[in-house]
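Enquirer: show me how the following folds:
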Amino acid sequence: MRPLPTAPGSRPLRGSWGFLETTIARYGEMRVRLVILPPDTTDLERRLWVLMRLWPFVGLVVGVAAGLLLSDVLGTAATVILAAVVWLAPAIALWVAMGPFLGRIREEWVTCAIGCEDSDLRRRELNRVARALSYAEESWRAGRRSRGDFEAAWSAAWVRFDPRVAA
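Expert: Next up is the predicted model:
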């Protein structure tokens, strides 16, 4: 299965606050995903989160490579078990270590079908929030705003998408 192409005219927005992805699916459907990390996220938590997202793919390659290298020495059954352990053990360790952090991440999805105005309004809202966060971060890094201003915008967006708060 081929990866979904990026929507025309859009680029992924990424920052220390999270990211916004826009992809096109079949039949003209557009999917928008906004992920906002907690405002008090440390660099270590962010790196572990990225590693956790990448590990299924990287771990599969590492597991298969370990299996190929050790298949002559260990035999088929032991090699399959070892490759599975090499792939799954770090993924489980990351999932357990990141458990409390993962529960605090805000994630919003919108699927827009052709001609659906409600979904289109929601998509525009997610784009607006992501652009505002990107602008706030760029302004802070350029010295035009304080870190406190950026963190206030980040906190407001994070609270806005809290599933426990009624909209």
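Enquirer: give the buried residues for the helix or strand Ala97 falls within.
Expert: Assigned by DSSP states H and E, Ala97 belongs to helix 76-102. Across helix 76-102, burial judged by 16 or more other CB atoms under 10 Å covers Thr79, Leu82, Ala83, Val86, Trp87, Pro90, Leu94, Met98, Phe101. (Each C-beta comes from the backbone N, C-alpha and C, glycine too.)
Enquirer: which phi and psi values does Leu13 adopt?
Expert: Backbone torsions of Leu13, given as degrees, to the nearest 10, read phi -100, psi 120.
Enquirer: which residues in the chain form helices?
Expert: 43-74, 76-102, 117-142, 147-160 (DSSP state H).
Enquirer: can you add mean pLDDT and distance to Pro12 and give those back as CSV?
Expert: Converted to CSV, these look like this (pLDDT from 0 to 100; distance: least, CB to CB, whole Å):
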stretch, mean pLDDT, distance to Pro12
helix 43-74, 89, 14
helix 76-102, 90, 21
helix 117-142, 88, 9
helix 147-160, 93, 17
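Enquirer: which one of the ones you listed lies nearest to Arg14?
Expert: Between Arg14 and those, the tightest spacing by CB to CB is seen for helix 117-142, at 8.3 Å.
Enquirer: can you point out the buried residues in the closest one?
Expert: For helix 117-142, using 16+ other CB under 10 Å, the buried residues are Ser119, Arg122, Arg123, Leu126, Asn127, Val129, Ala130, Leu133, Ser134, Ala136, Glu137, Trp140.
Enquirer: how is this structure carved up into domains?
Expert: For the chain, the structural domains run 13-37+105-160, 44-101, going by automatic domain parsing.
Enquirer: which non-adjacent residue is nearest the spatially most central residue of the chain?
Expert: When CA atoms, centre = their mean is applied to the chain, the residue found nearest the centroid is Val35 (6.0 Å). Nearest residue to Val35, sequence neighbours excluded (CB to CB, 6 or more residues apart in numbering): Gly18, at 4.3 Å.
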